[in-house]
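**Q** let me see the structure of the following:
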Amino acid sequence: EREQSQELEREQFREREQFREREQFREREQSLEREQEQSLVREQFREREWEQFRDREHSLEREQFQERVWEQSLEQEQSLEREQFREQEREQFRVQEQFRVREWGQFQEQEQSLEREQFRELEWEQ
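**A** Just a heads-up that it's a prediction; the model follows:
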């Protein structure tokens, strides 16, 4: 009977040990699963941060590109305005030059007319 009792105790001890081992194994597996889930969550978080960073960077690049396009457009517009201004100045100079040439021609005609008049008067007096 004592042997049976000891055997029963040993059997119960083995069962408790097996149960304890199964529980430890189950706890380790759960712990591993939690770690894997946390690792996955951290990885997803890093991916989202990376995507946000890339989006901000692309947004900045687009903004800089639009700014360069705007600056080039402004420079072209200013260049066109300067060219138009220079063209207007050249046209004004041409018009003024034509006016001076006409004035000079009229002056020379008046001079010649006066010289002819004086010449006639001299001839008349002689």
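
**Q** just the strands in this protein please.
**A** Applying DSSP state E to the chain gives no strands.

**Q** got the residue ranges for the helices in it?
**A** Ranges of helices in the chain, per DSSP state H, are 2-125.

**Q** where in this protein is pLDDT low?
**A** By pLDDT under 70, the chain has no low-scoring segment.

**Q** buried set for stretch 97-104?
**A** Going by neighbour count (16 or more other C-beta atoms under 10 Å), nothing in stretch 97-104 comes out as buried. Using the backbone N, CA and C atoms, a C-beta is placed for each residue, glycine as well.

**Q** just how off-centre is it within its chain?
**A** 54 Å (C-alpha atoms, centre = their mean, to the nearest Å).

**Q** any idea how far the residue most central in space within the chain is from residue 112?
**A** When C-alpha atoms, centre = their mean is applied to the chain, the residue found nearest the centroid is residue 64 (1.7 Å). Using C-beta to C-beta, to the nearest Å, we find residue 64 at a distance of 71 Å from residue 112.

**Q** please apply the same query to residue 36.
**A** Going from residue 36 to residue 112 by C-beta to C-beta gives 112 Å.

**Q** kindly report the same for residue 15.
**A** In terms of C-beta to C-beta, residue 15 sits 143 Å off from residue 112.

**Q** what of residue 68?
**A** From residue 68 across to residue 112, the span is 65 Å (C-beta to C-beta).

**Q** likewise residue 42?
**A** Residue 42 is 103 Å from residue 112, by C-beta to C-beta.
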